[in-house]
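Student: no sequence on hand, only this structure:
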Ligand SMILES: Nc1nc2c(ncn2[C@@H]2O[C@H](COP(=O)(O)OP(=O)(O)OP(=O)(O)O)[C@@H](O)[C@H]2O)c(=O)[nH]1
């Protein structure tokens, strides 16, 4: 080979060749044992001091692996490997570079000396683009035997396979991390939706004025077997109603009426424990479910609420009446317990209000 013919980088073929090389994302990566081994094997088989796997990247020649060469990379222009890829289908062997004026301008050096011998096999992508070479060099002229040339070509094929494997592994890693990122995005959206759903449910279940649970929350609980499980143990129910609340509204206006309702809700919240259910059941009617609480304790809690309401900081006196009943899941439905507590409340109202009345239905009448 004698003519110097460097392809112009802006040609379409050159840009496709560069795109093929870019798809491997191998240029400027750290050394890898498998490529180093190929280079060592090439030097040993051809009995030369220098060998390399070169890649032609834009305007430079970069070595993925090399032994014996002085420079880690070189300008592409007039480099030996750039000549070698002009015909991707054939191996270039120059027994004596000094006898070929076309190679005089190359800048490769081996221990400070210019190489005299060069053999390079193009490294091909599956679609036939020459990415670089597997090459061997010596500082003295020499001839390669046919078996050595054949071995060099086999090593170039191995290097191409390695590049392909490397690209495949990289693609797999990319796909995996894309899939993981996708899974993370889905999980985030799911958690966000769940959060929004819970927020909406919270809003839907809460009474706007008092912040207590509302009646529809109670209906949901009634239909929720898990929540109803809580009432499998003994429990008590307090039905509480603000006394003469119509008068409060009529005399002091709805705004103060609303404030009075918030004070009652605050008294209820302050008097119950976590796990108890405090519900604004109707306009000025409240329901308190006390799981695991016996009748005597429930009456105490109802009194506490009554006293707290009486002490509320309002510009008018406010009182509540309450009816209390105990439930036994093996005998009573929640509706029956409510009915008995409501009867007790009715009696509290009838007896003059501002009091707590206990359900007195005989056990055998239930
Ligand atoms: N300000 C205000 N008033 C409400 C609200 N919900 C219901 N009310 C009023 O509460 C009053 C309830 O009155 P009644 O059912 O006659 O009972 P009461 O006046 O409390 O009399 P007793 O229950 O017999 O002591 C009505 O005037 C309703 O308009 C509310 O959210 N805010």
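Tutor: Looks like it arrived, so ask away. This structure is a prediction, so every number in the text was calculated from the model and none was measured.
Student: and residue 105, that one's in a helix?
Tutor: No: Residue 105: not assigned to a helix; according to DSSP: H, G, I helix; E, B strand; the rest coil it is coil.
Student: and residue 51, its phi and psi?
Tutor: Dihedral pair for residue 51: phi -150, psi 160, per degrees, to the nearest 10.
Student: so what's it up against?
Tutor: With contact taken as Cβ atoms under 8 Å, 6 or more residues apart in numbering, residue 51 is in contact with 39-40, 42-43, 66-68, 134-137. Backbone N, C-alpha and C define where each C-beta goes, glycine included.
Student: okay, the residues you listed in CSV with distance to the ligand, pLDDT and secondary structure next?
Tutor: Shown next, in CSV, are the contacts of residue 51 (distance: Cβ to the nearest ligand atom, whole Å; pLDDT from 0 to 100; DSSP: H, G, I helix; E, B strand; the rest coil):
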residue, distance to the ligand, pLDDT, secondary structure
39, 86, 98, helix
40, 89, 98, helix
42, 91, 98, helix
43, 93, 98, helix
66, 86, 97, strand
67, 89, 97, strand
68, 93, 97, coil
134, 87, 98, strand
135, 90, 98, strand
136, 94, 98, strand
137, 95, 97, strand
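Student: quick one: the helices in this protein, in order.
Tutor: 12-22, 33-46, 80-84, 146-205, 215-222, 225-229, 245-271, 295-310, 334-350 (DSSP state H).
Student: skipping adjacent residues, who's closest to residue 359 in space?
Tutor: Spatial nearest neighbour of residue 359, chain neighbours left out: residue 325 (3.6 Å); criterion: Cβ to Cβ, 6 or more residues apart in numbering.
Student: ok, that neighbour - how many residues close by?
Tutor: Close neighbours of residue 325, defined as other Cβ atoms under 10 Å, add up to 28.
Student: what residues does the chain put near the ligand?
Tutor: Taking Cβ under 6 Å from any ligand atom as the contact definition, the chain meets the ligand at 209, 241-246, 249, 254, 257-258, 261, 283-284, 349, 353.
Student: which one of these is nearest to residue 336?
Tutor: When these are ranked by distance to residue 336 (Cβ to Cβ), residue 241 comes first, at 19.4 Å.
Student: just the pLDDT at the closest residue to the ligand within the stretch 51-200 of the chain, thanks.
Tutor: Nearest to the ligand, among the residues of the stretch 51-200 of the chain, is residue 200, at 22.5 Å (Cβ to the nearest ligand atom). If you check residue 200, the pLDDT there is 89.
Student: next: residue 2.
Tutor: 41.
Student: same question, residue 123
Tutor: With respect to pLDDT, residue 123 has a value of 97.
Student: switch to numbering from 292
Tutor: Yes, from this point I'll number from 292; that puts the last item at residue 414.
Student: need the contact list for it.
Tutor: Here residue 414 is in contact with 344, 346, 421-425, 447, 450-451, 454 (criterion: Cβ under 8 Å, 6+ apart).
Student: pretty sure residue 502 contacts residue 555?
Tutor: No: if you go by Cβ atoms under 8 Å, residue 502 and residue 555 don't touch, sitting 12.0 Å apart.
Student: more crowded one of these two?
Tutor: Higher neighbour count among residue 502 and residue 555: residue 555, with 26 against 14, using other Cβ under 10 Å.
Student: give the closest residue to the more buried one in space, chain neighbours not counted.
Tutor: Leaving aside its chain neighbours, residue 555 sits nearest to residue 600 (5.5 Å; criterion: Cβ to Cβ, 6+ apart).
Student: residues contacting that neighbour?
Tutor: 533, 554-555, 558, 609-611.
Student: and it, how far from the ligand?
Tutor: For residue 600, the distance to the ligand equals 13 Å [Cβ to the nearest ligand atom, to the nearest Å].
Student: pLDDT score for that residue?
Tutor: Note on residue 600: pLDDT of 98.
Student: now restrict the residues of the chain next to the ligand to buried residues only.
Tutor: 532-536, 540, 548, 552, 575, 640 (16 or more other Cβ atoms under 10 Å).
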